[in-house]
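Participant: predicted structure and sequence below. I'll ask about it afterward.
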Amino acid sequence: MNDLADLLTPEGRALLDEVRGTAPADELAVATRLRRDHPAELVSAALGQARLRQRAAAKFGAEDAERMFFTPNGVEQSTRASVATYRAERLKALGVTSLADLCCGIGGDAIALARAGIRVLAVDRDPATAAVARANAEALGLAGLIEVREADVTEVETSGYDAVFVDPARRGGRGRIFDPESYSPPLSWAVDAARKAPRAALKIAPGIPHEAIPSEAEAEWISDGGDVKEAVLWFGTDPGAVRATLLPGPRTLLGKGLPDPQVRPVGRYLYEPDGAVIRAHLVAEVAEQLDGGLVDATIAYITADELRPTPYATAYEITDQLPFNVKKLKALLRERGVGTLTVKKRGSAVEPEELRRKVKPQGPGSATVFLTRVAGAPTMLLGHPA
């Protein structure tokens, strides 16, 4: 917190402007030069903050990241701006005008909410983190809509707000936490807090078991650019609903409670569903759209005879199907002149890099190979994006 206070001084802000964009290889020379006129601790803090801002640009965009303040954990754990914006717009559409953001971190979600016109109480128990959230609200001109409070979220009164948003800490001293009851605060506490509010959204890990989802909650899995970012439990919306939302867009697929698709022989096309679709258990809904089936009862690859555009899966045209055999694959790739090989796998223990080393692709062509099971048998499917 002392580093942040120093960086907020005129001297600190001037240093931040001077070190903006410093490449890692140039840090020592820059630090040596600046320490002639500035305290060494302040120079180190400015360079450290510049480094964090560069990392944060991928999540927040360069324009915001260059004005914001970060902690190492804040960069790692904060919500990507595109996801936070989507969630804020959905809350706004639900009529939310005020919200308690519990476990606000460095304020990424609070910023998106305030930009949507929602008044936010942002709460975090860590003094340094709360100070950073406050500095970010001020840096982006949102202090009038964001009140930052340093407090234990379990002791905060939220009855005066239209909604609550809870983002429990899912990392501990030993890394990622998988048991929802080991979140800080535990998921059970967050669910209780959600039940007391008119509306609520709980951010959780996308790998949460479906059986752990409360019956009165709506569950939504969100991906951005094909990468699954999070799951959200919504309260006060559509109890029991399941959806997969893809960004940019947004494009949302709602579950219809369909049974698992039938297994069928591999057709001309193979579809790889988006990760949010798979996590939401909505592969059957996509298969219905494509008039397709599964290549294996336990594998989330859809096969079909026709090419149909869908935002919820990537299509590949399959040219070859052969039992798993590295020598045969190597010979086929040599025959086709394939030098650029993309390896995808589902239901196979083979590592893509290991396979590339063994087949040594050479030539001007490109191809995609799927290592999977077809009707229970280890299989290689060769093709290319449709």
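Facilitator: Everything's here; your move. Numbers count the residues shown, from 1 in each chain.

Participant: for residue 84, see how far away the closest residue to residue 256 other than its chain neighbours is.
Facilitator: Leaving aside its sequence neighbours, residue 256 sits nearest to residue 285 (C-beta to C-beta, 6 or more residues apart in numbering; 5.9 Å). All C-beta spots, glycine's among them, are computed from the backbone N, C-alpha and C. According to C-beta to C-beta, to the nearest Å, residue 285 and residue 84 sit 26 Å apart.

Participant: tell me which of these two has more neighbours.
Facilitator: Shown here are residue 285 and residue 84; by other C-beta atoms under 10 Å, residue 84 has more neighbours (24 against 21).

Participant: got a list of what that one touches?
Facilitator: Going by C-beta atoms under 8 Å, 6 or more residues apart in numbering, residue 84 touches 108, 109, 111, 112, 113.

Participant: and it, how close does it get to residue 131?
Facilitator: 20 Å.

Participant: equivalent analysis for residue 140, please.
Facilitator: Here the criterion is C-beta to C-beta. By it, residue 140 lies 15 Å from residue 131.

Participant: can you check residue 256 too?
Facilitator: Distance from residue 256 to residue 131, by C-beta to C-beta: 47 Å.

Participant: those two: which is more packed in?
Facilitator: Remark: of residue 256 and residue 131, residue 131 carries more neighbours, 20 against 10, as counted by other C-beta under 10 Å.

Participant: my read: that one touches residue 7, true?
Facilitator: No: using C-beta atoms under 8 Å, residue 131 is not in contact with residue 7, being 10.9 Å away.

Participant: tell me which element residue 31 falls in.
Facilitator: According to DSSP states H and E, residue 31 maps onto helix 27-34.

Participant: also residue 120?
Facilitator: With DSSP H and E as criterion, residue 120 is part of strand 119-124.

Participant: try residue 367
Facilitator: Judged by DSSP H and E, residue 367 forms part of strand 365-374.

Participant: which residues touch that strand?
Facilitator: By C-beta under 8 Å, 6+ apart, strand 365-374 touches 266, 270, 295-296, 298-299, 301, 316, 319, 321, 324, 329, 333, 336-348, 350, 352, 355, 378-385.

Participant: for the next helix or strand after it, which strands pair with it and how are they oriented?
Facilitator: Later in the chain than strand 365-374, the nearest helix or strand by DSSP H and E is strand 377-385. Strand 377-385 pairs in its sheet with strand 313-323 (antiparallel), strand 365-374 (antiparallel), by DSSP bridges.

Participant: need the three-state assignment for residue 136.
Facilitator: Three-state call for residue 136 (DSSP: H, G, I helix; E, B strand; the rest coil): helix.

Participant: correct me, but it touches residue 104?
Facilitator: No: at 10.0 Å, residue 136 does not count as touching residue 104 under the criterion of C-beta under 8 Å.

Participant: okay, those two: which has more neighbours?
Facilitator: Applying other C-beta under 10 Å to residue 136 and residue 104 shows that residue 104 carries more neighbours, namely 30 against 26.

Participant: that older thread, wait, what's in contact with the residue nearest to residue 256?
Facilitator: Residue 285 touches 253, 254, 255, 256, 258, 277, 312, counting by C-beta under 8 Å, 6+ apart.

Participant: got a pLDDT number for the fourth one?
Facilitator: Same thing as residue 256. If you check residue 256, the pLDDT there is 96.

Participant: do the same with the first one
Facilitator: Among the per-residue scores, residue 253 holds a pLDDT of 98.
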